[in-house]
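J.: A predicted structure for the sequence below; I have some questions about it.
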Amino acid sequence: MMLQSLLRIKNLRANNTGRTLIRQSRLFSSTTPPLDNEYDVIIIGGGHAGSEAASASARTGAKTALVTQRIDTIGELSCNPSIGGIGKGHLVREIDALDGVMGECADLAGIHFRMLNRRKGPAVRGPRAQADRDLYKSAMQNILKCTPNLHLIEGGVEDLLLEESCPMGVADMTPLAPFATNDKSSMSDAEQQALSSSISKKARVSGVKLANGREIRSRAVVVTTGTFLRGVLMIGHDRYVGGRHLRDSEEVEPPSVGLAKTLERFGFPLNRLKTGTPARLDARTIDFDVLVEQPSETPPVPFSHIRQGTMQNVPNIDKLIKCYQTETNEETHKIVMEYAHLLPQYDALDGKGNGPRYCPSIFKKVERFPDRQKHNSFLEPEGINSNIIYPNGMSGPYPEEIQLKIMRSMKGLSNVDILSPGYDVEYDFVNPQCLTHTLETKSIHGLYLAGQICGTTGYEEAAAQGIVAGANAGRSAGAASKGDKAPSPLVFGRDEAYIGVLIDDLVTRGTSEPYRMFTSRAEYRISLRADNADIRLTRQGANHGLVIDPNRLDILETRERMIGESIHRLQNFKLLKTEWGQRGTGEQMAGNNPKQFQKKSAEEILQMPHVTLDAVEGIIAKEGEHLLELEQQKVDDEEELNVADDYDGPPIETKAHRINKIMTLLEPSPLSIYDTVEASIKYKSYAARQERDMDSWRKAQGQKIPPDLVYEHSVFPTFSSEELEKLQAVQPKTFAEAAQISGVTPQSLVYLHHFVMKRGKQRDRLRRAEELSTQ
């Protein structure tokens with residue numbers, strides 16, 4: 001059966017290659033649309049959120065326009081030239097499972113691949129790819145240019161077109177029907193009502209107005225302005241308006257001011273966040289010989305489920321590059337602190353700025369950890385044929401001459417030259433609590449927000465929001481155009497996807513600082529792995545009209561069949577425990593007190609710590625080889641059995657059939673399913689315990705938290721500094737209040753609940769003992 005599945009994959013790979021060639025033949029077709037002033041959906045912004053939103057909306061069948069200041073900057077990797085990472089890689093795999101474009105572009109442009117946390121469990125492993133910036137941008141633009149139903153329009157959006165205080169009928173705009181999800185625990189009645197009713201809306205969106213005065217009408221608008229919403233750029237004490245610098249240039253892309261004013265007028269809660277990008281270095285002036293090499297993994301693990309399912313290599317497999325590790329030192333830290341007075345004065349937090357906690361500037365690192373003697377920095381080439389190096393972890397908007405001093409104090413960089421200085425950008429964002437789980441605003445019908453405007457940081461978080469906002473806008477507006485009934489919205493529960501965790505965190509808790517995805521934010525992370533994103537989401541995407549490639553569904557069905565066959569084989573292959581120990585690694589497989597005549601299946605052995613699927617399947621294969629050798633020594637069935645012609649007993653197993661059964665033991669799980677098979681078995685009991693923990697937690701929502709709790713590491717050693725800081729500041733009275741604090745992970749909330757329950761029981765025992773002693 002496994003062999004048949006592998007042959008099917010070979011055919012699918014051939015079909016996929018053919019489709020790729022057809023797509024490539026259309027790459028340079030004209031994308032300039034006829035002058036059209038009416039669409040179903042308009043996407044504002046061509047960054048990562050906007051690109052996914054535009055693609056998703058168009059895939060639902062909605063007539064879509066992506067409006068951006070410059071078409072040639074669509075898909076630009078403005079900061080780090082990489083995609084994925086811990087938590088972030090899960091999002092990219094989920095986006096790909098929904099037929100999104102980020103994972104495919106990362107594979108096409110990838111020049112350095114690593115699976116982060118590989119030594120840890122499958123649930124927290126994060127795929128990451130270093131991308132060639134030119135190839136990534138080109139791939140994204142080519143895919144969008146060839147997307148049916150999508151037009152690219154070059155122009156700056158000055159404002160929204162709104163119809164205020166007007167009745168909302170189905171003929172005007174179809175509201176999304178109430179959603180259904182497996183985990184509604186975080187959805188309030190008000191949230192669900194907001195999805196199905198538009199009575200409380202102050203206005204409805206009817207299009208956009210461009211800077212040149214052109215008005216374009218639409219039934220829905222998705223705003224993905226990134227860092228452009230009243231953006232201000234800063235280097236040292238120099239401040240100038242802009243959303244970002246054009247790559248390798250002093251030229252600045254202008255900010256979006258009119259949109260910010262409109263959002264402000266409608267009462268959207270706006271605040272300021274900042275982010276930064278480091279200086280770019282000249283590779284020709286770096287001494288790589290004294291640095292630690294960081295080679296790419298081979299073979300790379302692709303983001304694309306189609307590429308992985310058909311066992312295709314990434315296109316740049318023969319061009320993979322090396323990254324290099326350097327580090328700061330005491331001299332670096334001295335310069336960082338000595339010139340701190342030259343850093344910008346920001347609008348937020350009394351001039352300190354409100355930047356990413358988990359991607360801090362070098363100044364924040366040194367200030368926050370004064371006892372650390374060094375901080376690592378990875379030098380990442382920006383392309384196959386590029387001399388530009390991105391020094392990961394070294395952002396700091398000092399004056400350029402100070403940035404050079406800092407860089408030249410580091411190992412291997414004593415003679416380095418800066419090609420372009422690093423800078424910070426401070427911009428407006430909207431408190432995402434004003435959105436529903438579809439990412440539609442609660443006050444303006446048909447207006448959706450996605451990306452950094454919602455308070456997140458990172459390409460992957462932006463793209464994840466973009467695909468949800470674009471899909472919901474497209475489905476709603478498309479249905480209205482056709483006069484169809486309200487479609488069900490695309491909303492993911494926290495138990496279904498990291499995308500669901502991300503959006504639920506944002507719209508229910510909000511955020512006071514740039515939000516970054518981590519695996520620790522997901523209470524169901526054992527089930528929400530990067531390796532099974534297609535199994536979790538692809539069919540749901542197809543049911544919502546978002547997954548339109550039939551090849552993707554064929555590959556999913558084949559992969560599921562192969563996974564089932566592998567697990568079935570592991571469940572049915574059994575040996576005595578002592579035999580497992582003799583063939584394997586002793587106690588690791590047999591246990592400390594093996595019962596000689598107790599049989600264990602391969603599935604049970606794989607559930608033991610430190611036992612790998614590779615080791616178990618190796619033992620199965622050796623046993624299969626032994627059985628095959630014995631079987632081949634036997635005579636043919638006709639000679640051996642000499643069965644009478646009139647034999648009418650039970651069917652007799654032929655030699656050929658026995659050999660076929662043995663051959664299945666010799667087939668190891670291919671790479672396309674290896675991680676999923678291993679994780680499904682190893683996490684079987686943990687998943688059940690995870691569900692019990694979450695049930696217990698949900699029942700505890702109304703319980704009170706003792707007011708005398710002190711939130712510090714000595715009491716809660718597993719809590720992060722962010723969690724302790726916020727819990728100590730808020731002092732929640734109940735677990736429900738604690739659950740609303742942004743940045744406090746579900747696992748920490750469960751730990752807190754267990755701690756409070758255990759402390760309560762201990763105090764009850766002491767109280768009873770005291771009462772007995774006084775009697």
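T.: Sure, I can see it. Numbers count the residues shown, from 1 in each chain.

J.: show me the shaky parts of this structure.
T.: 1-35, 165-200, 585-597, 634-664, 775 (pLDDT under 70).

J.: quick check, central residue of it?
T.: Centroid-nearest residue in the chain: residue 91, 1.6 Å away (criterion: C-alpha atoms, centre = their mean).

J.: ok, which stretches of the stretch 401-550 of the chain are strands?
T.: Using DSSP state E, counting those that start in this stretch, the strands of the stretch 401-550 of the chain run over 418-420, 423-430, 444-445, 447-449.

J.: got the contact list for residue 553?
T.: 538, 539, 542, 547 (C-beta atoms under 8 Å, 6 or more residues apart in numbering). (Glycine included, C-beta is placed from N, CA and C.)

J.: most neighbours among these, which one?
T.: Tallying neighbours with other C-beta atoms under 10 Å puts residue 538 at the head of those, with 25 neighbours.

J.: coming back round to it: out of the strands of the stretch 401-550 of the chain, which is closest to residue 712?
T.: strand 423-430 (31.0 Å; C-beta to C-beta).

J.: gap between the two ends of stretch 123-134?
T.: Across stretch 123-134, the terminal residues are separated by 32 Å (C-alpha to C-alpha, to the nearest Å).

J.: okay if I get the contacts of residue 553 as CSV plus distance to residue 417?
T.: Listed next are the contacts of residue 553 as CSV, based on distance: C-beta to C-beta, whole Å:
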residue, distance to residue 417
538, 48
539, 53
542, 51
547, 47
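
J.: sorry, back to before: could the strands of the stretch 401-550 of the chain go into CSV alongside distance to residue 752 and mean neighbour count?
T.: Below are the strands of the stretch 401-550 of the chain laid out as CSV (distance: least, C-beta to C-beta, whole Å; neighbours: other C-beta atoms under 10 Å):
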stretch, distance to residue 752, mean neighbour count
strand 418-420, 46, 17
strand 423-430, 29, 24
strand 444-445, 38, 24
strand 447-449, 32, 28
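
J.: farthest-separated two in the contacts of residue 553?
T.: Longest span within the contacts of residue 553, C-beta to C-beta: 539 and 547, 8.0 Å.

J.: can you tell me which of the contacts of residue 553 is closest to residue 338?
T.: Set against residue 338, the nearest of these by C-beta to C-beta is residue 538 (54.1 Å).

J.: that closest one and residue 552 touch, don't they?
T.: Yes. Using C-beta atoms under 8 Å, residue 538 is in contact with residue 552, at 6.2 Å.

J.: what do those two both touch?
T.: Residues touching both residue 538 and residue 552 by C-beta under 8 Å, 6+ apart: residue 305.

J.: is it correct that the residue nearest to the centre of the chain falls within a helix?
T.: Yes. The assignment for residue 91 by DSSP: H, G, I helix; E, B strand; the rest coil puts it in a helix.

J.: residues touching it, list them.
T.: Going by C-beta under 8 Å, 6+ apart, residue 91 touches 460, 461, 463, 464, 498, 499, 502, 517.

J.: what about the first one, how many neighbours?
T.: Translated: residue 460. For residue 460, using other C-beta under 10 Å, the count is 29.

J.: separation between it and residue 132?
T.: Relative to residue 132, residue 460 is positioned 18 Å away (C-beta to C-beta, to the nearest Å).

J.: cool, the second one as well?
T.: Here the criterion is C-beta to C-beta. By it, residue 461 lies 22 Å from residue 132.

J.: so for the two, which residue has more residues nearby?
T.: Taking other C-beta under 10 Å, residue 461 and residue 132 do not tie; residue 461 has more neighbours (29 against 25).

J.: so that one makes contact with residue 514?
T.: No. Between residue 461 and residue 514 there is no contact under C-beta under 8 Å: 9.2 Å.

J.: how many residues are close by residue 120?
T.: With other C-beta under 10 Å as criterion, residue 120 counts 12.

J.: where does it fall, helix, sheet strand or coil?
T.: coil.

J.: quick one: which of the contacts of residue 91 has the most company?
T.: Neighbour count (other C-beta under 10 Å) singles out residue 464 as the most crowded of the contacts of residue 91, with 35 neighbours.
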